[in-house]
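S.K.: Pasting the sequence and the predicted coordinates here, then a few questions.
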Amino acid sequence: TERLQTMWTDAAGGSFTLGYGGDRTGPLAYDTTSAAIEAALFRLDAVEEVRVTGAGTSTDPWQIDLVSTSLPVTHRFAADGSALQPEGASVHVQSIGHDGSVAGIALDKPGTLLATVSWDGTARLWDLRTVSLILELPNDCPGCTTPMDVAFSPDGRFLAVGARPNPAVWDLVTGERLALEFAGHTDNIATLEFLPDGRLATAGFDTTVRLWNLTTGESTTLIGHRAPVRALDVSSDGTLVATGSDDGVIKLWQLDPANPAEPVTLAGHRGRVQRVAFDPDTHYLASIAEDTPDWELRVWDVRLQATAEWTHIRTNGSPHGYTAMFNPDGTEVAAADNGSVTIWDATAGTRIRSLDTPDAGAEGGITALAYSPDGGEAVVAGMTDLDTTWLRVYDTATGAELRFLLQKPGISISAIAFSSDGTRMAAAARGSG
């Protein structure tokens, strides 16, 4: 090892040494009798201090506290290398997944089922009560590419998977894929979402948006974009669909069949629109775009059904800056900004506070965030560099860190989803860590 940090002896007399090596290798716990590595703790840029407490017994186990210069918080571990939560916390972290990186995730409303889609070409359905695989949905349609997104229907019966050239829809009662072709798109589906009335909205690289009837397989095509459409959101009441395209244009589509209208165009972004999101009351729409060389957040007053922009915030060029969302009551919007998360007042457009996230470094940044259903907490994923990802829980009222969930090299977390009761949370990871 590069430097010996500390040594201790367990109750049975077995001697253990804790050290860490060069090239950013994480701390290791050794059994000095067998010279075997007992546990490899996570990688850190530098360990400033190591504190070991406990007696090594079942009632008073070893606890290892590590303080890193790159992540200026204390991380607590058991002697076997497993992460320990702060006193009073109760969080169980378990990994499930695919042979390839996870491209998208969705939780059903009760929070008992998790759907995942992967670059290995499959979609999978998991029972979170038993953490077991229920159903594997192969990407078996001719000419299809890797699925990019997944969504549950409002009643939880259907699961839609976005692929090419058409979406695949599965009946979760029968376990069978619907025989309907859902033919229409001519290129990849980038994103999809169900409407409250059960229709399925899809947006794709062919510049179109389609609304599908699951009974007939027929669709209504929304034509207006001139570039690939990557961003889509449906208002909570189902009356509006917002879409954003690679040319910086946002469209608002009114879905009232009795009063059809041309879409409202919200212009202002100069680059690819990556995210659009309505607040719960459909008063505002947040949009994040890759306005080179920086990322930009704009929030629009959609009650005016016009181009009324009330604020825009230019970020500091984070490579992972395209993450923003409203809190559950629509009073605040949180946005990534060069490795930090800033919370803004949704009515005044003023900065409220920042979350106490770790220093991202030159190549780091925030990759995903999500509010808890009650809005009191925010789960944030970020990277300290291009190799190491962390996951933390924050108090949205104070910005303070509440819990440390994960740090792992070799992955990047791209999405976070909560169950409706807030007891379960899922994160989609890409990479091989």
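M.R.: That came through, no problem.
S.K.: Buried residues of stretch 211-219, list them for me.
M.R.: Along stretch 211-219, these residues count as buried under the neighbour rule (16 or more other C-beta atoms under 10 Å): 211, 212, 214, 217, 219. Every C-beta, even on glycine, is put in place using the N, C-alpha and C of the backbone.
S.K.: same check, this time on stretch 356-375
M.R.: Quick answer for stretch 356-375 (16+ other C-beta under 10 Å): 356-358, 360, 364-372, 375.
S.K.: Could you find the lowest-pLDDT member of those?
M.R.: Least confident of those in the model: residue 360, at 53.
S.K.: which one of the buried residues of stretch 211-219 is nearest residue 125?
M.R.: residue 214 (17.7 Å; C-beta to C-beta).
S.K.: so where's the stretch 251-400 of the chain shaky on pLDDT?
M.R.: 260, 292-294, 305-322, 337-338, 359-364, 385-386 (pLDDT under 70).
S.K.: pLDDT below threshold where in the stretch 1-150 of the chain?
M.R.: Scanning the stretch 1-150 of the chain for pLDDT under 70 picks out 1-100, 139-147.
S.K.: and with 90 instead?
M.R.: 1-149 (pLDDT under 90).
S.K.: out of the buried residues of stretch 211-219, which one sits closest to residue 410?
M.R.: Residue 410 lies nearest to residue 212 out of the buried residues of stretch 211-219, by C-beta to C-beta, at 37.4 Å.
S.K.: my read: the closest one touches residue 197, true?
M.R.: No. If you go by C-beta atoms under 8 Å, residue 212 and residue 197 don't touch, sitting 11.6 Å apart.
S.K.: Not counting sequence-adjacent ones, nearest residue to residue 102?
M.R.: Excluding the flanking residues, the one nearest residue 102 by C-beta to C-beta, 6 or more residues apart in numbering is residue 428, at 4.2 Å.
S.K.: Just to check, the one you found is in contact with residue 414?
M.R.: Yes. Residue 428 is within contact range of residue 414, at 5.2 Å (criterion: C-beta under 8 Å).
S.K.: Could you tell me which residues touch both of these two?
M.R.: 102, 103, 368 (C-beta atoms under 8 Å, 6 or more residues apart in numbering).
S.K.: Just put the residues you listed in JSON lines and tack on distance to residue 224 and secondary structure.
M.R.: Formatted as JSON lines, those follow (distance: C-beta to C-beta, whole Å; DSSP: H, G, I helix; E, B strand; the rest coil):
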{"residue": "102", "distance to residue 224": "32", "secondary structure": "strand"}
{"residue": "103", "distance to residue 224": "27", "secondary structure": "strand"}
{"residue": "368", "distance to residue 224": "29", "secondary structure": "strand"}
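S.K.: of those residues, closest to residue 381?
M.R.: Closest to residue 381, out of all of the shared contacts of residue 428 and residue 414 and judged by C-beta to C-beta, is residue 368, at 4.3 Å.
S.K.: my guess is the closest one meets residue 380, correct?
M.R.: Yes. The pair residue 368 / residue 380 is scored as a contact, 7.5 Å apart, by C-beta under 8 Å.
S.K.: ok, now how distant is residue 106 from residue 177?
M.R.: The gap separating residue 106 from residue 177 is 17 Å, by C-beta to C-beta, to the nearest Å.
S.K.: Any chance of the backbone angles for residue 302?
M.R.: Here is the backbone geometry of residue 302 (degrees, to the nearest 10): phi -80, psi -10.
S.K.: Can you pick out the residue with more neighbours from residue 428 and residue 414?
M.R.: residue 428 (24 against 20; other C-beta atoms under 10 Å).
S.K.: which residues does the more buried one bridge with?
M.R.: Beta-bridge partners recorded for residue 428 (DSSP bridges): residue 415.
S.K.: show me where the stretch 151-300 of the chain has strands.
M.R.: Ranges of strands within the stretch 151-300 of the chain are 158-162, 168-171, 176-177, 189-194, 200-204, 209-212, 219-222, 229-234, 240-245, 250-254, 264-266, 272-278, 284-290, 296-301, based on DSSP state E, counting those that start in this stretch.
S.K.: May I see the ones you listed organised as TSV, with distance to residue 393 added?
M.R.: Formatted as TSV, those follow (distance: least, C-beta to C-beta, whole Å):
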stretch	distance to residue 393
strand 158-162	28
strand 168-171	33
strand 176-177	37
strand 189-194	26
strand 200-204	31
strand 209-212	35
strand 219-222	38
strand 229-234	25
strand 240-245	29
strand 250-254	31
strand 264-266	33
strand 272-278	21
strand 284-290	22
strand 296-301	23
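S.K.: looking at those, which is closest to residue 331?
M.R.: The nearest among the strands of the stretch 151-300 of the chain, by C-beta to C-beta, is strand 284-290 at 10.3 Å.
S.K.: Partner strands of the closest one and their direction?
M.R.: strand 272-278 (antiparallel), strand 296-301 (antiparallel).
S.K.: which one of those lies closest to residue 339?
M.R.: Per C-beta to C-beta, nearest to residue 339 of these: strand 296-301, 15.2 Å.
S.K.: Which of the residues in that closest one are classified as buried?
M.R.: For strand 296-301, the neighbour count (16+ other C-beta under 10 Å) marks 296, 297, 298, 299, 300, 301 as buried.
S.K.: isn't the second one right next to residue 343, touching?
M.R.: No. With contacts counted by C-beta under 8 Å, residue 297 stays clear of residue 343, the gap being 11.8 Å.
S.K.: so what's in contact with these two at the same time?
M.R.: Common contacts of residue 297 and residue 343 (C-beta under 8 Å, 6+ apart): residue 333.
S.K.: before we move on, the earlier item: turn the buried residues of stretch 211-219 into a markdown table, columns for distance to residue 351 and pLDDT.
M.R.: As requested, the buried residues of stretch 211-219 are exported to a markdown table (distance: C-beta to C-beta, whole Å; pLDDT from 0 to 100):
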| residue | distance to residue 351 | pLDDT |
| --- | --- | --- |
| 211 | 37 | 94 |
| 212 | 40 | 94 |
| 214 | 43 | 94 |
| 217 | 47 | 90 |
| 219 | 42 | 92 |
